[in-house]
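S.K.: A predicted structure for the sequence below; I have some questions about it.
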Amino acid sequence: MIVVYTRHRGLEQVIAGHLSGLVHRTATSPSEFRLLMTTETPEIVIVGALECTATLVRLLKNTLQLDRRRGPSCIVVTRVTFDNLRNLRDIRGHRLHLGWIEEIEESLPKLLDRVKGRGKRLPPALKPLRIDELREDQTLMSGNVESGQTLRALGLWLLNERPLTPALARAVDAVCRVLDDDNGPAPPATSVAELAKRVNADPRKLGYLWSTRIPLRCTLEQMIQWSVLLWAVRNREHGGTWRDMARTVDLSLQTLQRYSQKLARCSLTDLGENSPPGWVETVFAEWLSRVATE
């Protein structure tokens, strides 16, 4: 049994088109939605909304109790906007799945197949991490490739395609700067301890979750260093020196230089002044390709 809740007629029609042959009921108001949730025992709930407002998030939290382990899977179909991501991130969990309106024809059938297979002994296969697809999608969205865009695309992929705990999801959000459309001006965390403090998690547990749940052969510390380096490259383009960038994130210039040599295999000068536009993204994507496990 599937319960659909949407107040948008167009979304209702699109979602219904993917439910042919499946038993479902549709609610078009909050009261009707609550009634269906108490009178029916749905396995899946599909919510369609252009804007995931705070009111809608409260409705989902209170009605579906997504913080509990057991209950129906919930698919939220919405637009790719930073406000929507920001409002939904606090209720992320293994029962909540996001599908973008912009790619609903492809994503909704896949999400339905995934959640319908939750009860099977073997879980449905996770989408493999393909760095070239991350870069291609990000280029199409932004029109060009700027410093930090591939990192953000990686974060979006991890949040949408991997079963992450709430703490790990918050860490991915912070390290990959998912909600920072310009990768600044606020500087990123520079250590696992600082990141753990920002996302209210234990540092050792966070490092363990990263190593066991993230399909990359790199440590959380290495990804944090890339986050710092990409932030510095991007913000230096807006003015300032490398020393200014290092001082802003409370690191020494030598430490920032070491990050560049170790990760990008070149000096800060070669990474910035002497490189063509978009080159740092190519370097980061190549590094990701080397550490990707899928």
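M.R.: On my side now, so go ahead.

S.K.: now the strands for the stretch 1-150 of the chain?
M.R.: Under the criterion DSSP state E, counting those that start in this stretch, the stretch 1-150 of the chain carries strands at the ranges 2-6, 24-27, 44-48, 73-78, 96-100.

S.K.: ok, and the closest non-adjacent residue to residue 100?
M.R.: Take residue 100 and drop its neighbours on the chain: the residue closest to it by C-beta to C-beta, 6 or more residues apart in numbering is residue 80, 5.0 Å away. C-beta: built from backbone N, CA, C; applies to glycine.

S.K.: could you check the pLDDT of the one you found?
M.R.: The per-residue pLDDT reported for residue 80 equals 82.

S.K.: that one touches residue 98, doesn't it?
M.R.: No - counting by C-beta atoms under 8 Å, residue 80 stays clear of residue 98, with 9.2 Å between them.

S.K.: looking at the two, which is more packed in?
M.R.: A direct count of neighbours by other C-beta atoms under 10 Å for residue 80 and residue 98 places residue 98 higher, at 21 against 13.

S.K.: quick check, the more buried one in contact with residue 161.
M.R.: No - Residue 98 is beyond contact range of residue 161, at 9.9 Å (criterion: C-beta under 8 Å).

S.K.: how close does residue 224 sit to residue 264?
M.R.: Using C-beta to C-beta, to the nearest Å, we find residue 224 at a distance of 15 Å from residue 264.

S.K.: check residue 285 too.
M.R.: Separation of residue 285 from residue 264 (C-beta to C-beta): 12 Å.

S.K.: now residue 215
M.R.: According to C-beta to C-beta, residue 215 stands 22 Å off from residue 264.

S.K.: more neighbours, those two?
M.R.: Neighbour count, other C-beta under 10 Å: between residue 215 and residue 264, residue 264 has more, with 22 against 15.

S.K.: give the contact list for that one.
M.R.: 229, 271, 280, 283, 284, 287 (C-beta atoms under 8 Å, 6 or more residues apart in numbering).

S.K.: equivalent analysis for residue 127, please.
M.R.: 110, 157, 161.

S.K.: and those, which of them are buried?
M.R.: 157, 161 (16 or more other C-beta atoms under 10 Å).

S.K.: how much space between residue 241 and residue 55?
M.R.: Counting by C-beta to C-beta, the gap from residue 241 to residue 55 is 46 Å.

S.K.: most distant residue from the centre of the chain?
M.R.: What lies farthest from the middle of the chain is residue 39; by C-alpha atoms, centre = their mean that is 33.9 Å.

S.K.: in stretch 248-264, which residues are buried?
M.R.: 248, 249, 251, 256, 257, 259, 260, 263, 264.

S.K.: any chance of CSV for those residues, columns pLDDT?
M.R.: Shown next, in CSV, are the buried residues of stretch 248-264 (pLDDT from 0 to 100):
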residue, pLDDT
248, 92
249, 92
251, 95
256, 95
257, 95
259, 95
260, 93
263, 93
264, 90
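
S.K.: may I see these organised as CSV, with distance to residue 73 added?
M.R.: Formatted as CSV, the buried residues of stretch 248-264 follow (distance: C-beta to C-beta, whole Å):
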residue, distance to residue 73
248, 42
249, 40
251, 43
256, 44
257, 48
259, 40
260, 43
263, 38
264, 41
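
S.K.: looking at those, spot the one nearest residue 115.
M.R.: Within the buried residues of stretch 248-264, proximity to residue 115 (C-beta to C-beta) peaks at residue 263, which comes in at 37.3 Å.

S.K.: and the closest one, its phi and psi?
M.R.: In terms of degrees, to the nearest 10, the main-chain angles of residue 263 are phi -90, psi -50.

S.K.: that one contacts residue 287, correct?
M.R.: Yes - under the criterion of C-beta under 8 Å, residue 263 makes contact with residue 287 at 6.4 Å.

S.K.: what is in contact with these two at once?
M.R.: The contact sets of residue 263 and residue 287 overlap at residue 226 (C-beta under 8 Å, 6+ apart).

S.K.: okay, residue 250 and residue 194: tell me how far apart.
M.R.: 9 Å.

S.K.: I meant residue 99, not that one.
M.R.: Distance from residue 99 to residue 194, by C-beta to C-beta: 33 Å.

S.K.: who's more crowded, these two?
M.R.: Between residue 99 and residue 194, residue 99 has the larger neighbour count (other C-beta under 10 Å), namely 22 against 14.
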